[in-house]
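**Q** the amino acid sequence is not available; the structure is as follows:
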């Protein structure tokens, strides 16, 4: 286990989520699956309690903690993409697996975790600043999934 690990609270499906992420994103895998040694408020002995996993190189722990806490956009995974094909692949995988679309490159997976599927062309435009960044930002504000060609056109003016 890494020294610093992100802990993501799931109601009960941490293992299913971790396996989906491992199948969807490169440099992702499922590590140890720890079962509860005894009964606990939202589960029983033998239930999956903790799942160690990595998403795109980021070490995480999925904790099956029950329904006490819900996810919000205050936490999200941001995945940088190189082109429209990669953007479409990740977006469609998340939304097509029971997730939901949002705005400006954001979507949620079926477990309620927020994802930003962000083409590098957009982050590069924002870093440039000035009129180019403003045009790219205004174009992004009209989108659900990011349209790479539209961002490139906005950058050019």
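**A** Right, received. Where do you want to start? A quick note: this is a predicted structure, and the numbers were derived from the prediction, not measured.
**Q** which stretches in the chain count as helices?
**A** According to DSSP state H, the chain carries its helices in the segments 14-24, 84-96, 120-128, 130-140, 148-156.
**Q** the inter-axis angle of the first one versus helix 84-96?
**A** Compare the direction of helix 14-24 with that of helix 84-96 by axes from the mean of the first three to the mean of the last three Cα atoms, to 10 degrees and you get 160 degrees.
**Q** buried sites along helix 14-24?
**A** Neighbour counts over helix 14-24 (16 or more other Cβ atoms under 10 Å) mark 14, 15, 17, 18, 19, 20, 21, 22, 24 as buried. Glycine gets a C-beta too; all of them are placed from N, C-alpha and C.
**Q** before we move on, back to that, for the helices of the chain, which one sits closest to residue 57?
**A** The closest of these to residue 57 is helix 14-24. By Cβ to Cβ, the value is 11.7 Å.
**Q** what mean pLDDT would you report for that closest one?
**A** Per-residue confidence for helix 14-24 averages out to 98 on the pLDDT scale.
**Q** in space, what's closest to residue 116 - neighbours in sequence excluded?
**A** The shortest distance from residue 116 to any residue other than its chain neighbours is 4.1 Å, reached at residue 78 (Cβ to Cβ, 6 or more residues apart in numbering).
**Q** list the contacts of the one you found.
**A** Residue 78 makes contact with 115, 116, 118 under the criterion Cβ atoms under 8 Å, 6 or more residues apart in numbering.
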